[in-house]
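In: here is my input; please provide its structure:
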Amino acid sequence: EVQLGESGGGLVQAGGSLRLSCVVSGLTFDDYAIGWFRQAPGKGREGVSCVEGGPEMKYHEAYVKGRFPNSRDSAKNTVYMQMTNLEFEDTAVYYCAAGPGCRVGAGIDYWGQGIQVTGSS
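Out: Now for the predicted structure:
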């Protein structure tokens, strides 16, 4: 059974930092791109960042202007998203997801259950 589990969310003041973790099990970790999505109250789900599998681990992002770098640890089957300089507008449920690639339209094979991140003003 494939499982993706997010941790590290919570409440943080504007300008603060959090690190989200996504632990993956049940699949060959290096064969999958791992992405982060978010859904704010009353809005649709949007892609935030993604890091490819394989040796290059190329990183992509949208909306966050370099504030949320990702890293992968193949020994732990874990992807990290370091959230810095958080803004109230970053408040959302954050999901990690696994798929064949980070390009738009590549599709998602597996989703995590989501975790709340709240930026206080």
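In: surely Arg19 is within a strand?
Out: Yes: the assignment for Arg19 by DSSP: H, G, I helix; E, B strand; the rest coil puts it in a strand.
In: who's in contact with the most centrally placed residue in the chain?
Out: Taking C-alpha atoms, centre = their mean, the centroid of the chain lies closest to Trp36, which sits 2.6 Å from it. When contacts are counted by C-beta atoms under 8 Å, 6 or more residues apart in numbering, Trp36 touches 20, 22, 47-50, 68, 70, 79, 81, 94-97. Heads up, the C-betas are built off the backbone N, CA and C, glycines and all.
In: make CSV out of those residues and add pLDDT and neighbour count.
Out: Formatted as CSV, the contacts of Trp36 follow (pLDDT from 0 to 100; neighbours: other C-beta atoms under 10 Å):
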residue, pLDDT, neighbour count
Leu20, 97, 22
Cys22, 98, 26
Gly47, 92, 18
Val48, 93, 23
Ser49, 92, 24
Cys50, 93, 24
Phe68, 92, 23
Asn70, 91, 22
Val79, 95, 29
Met81, 94, 26
Tyr94, 98, 24
Tyr95, 98, 22
Cys96, 97, 28
Ala97, 97, 21
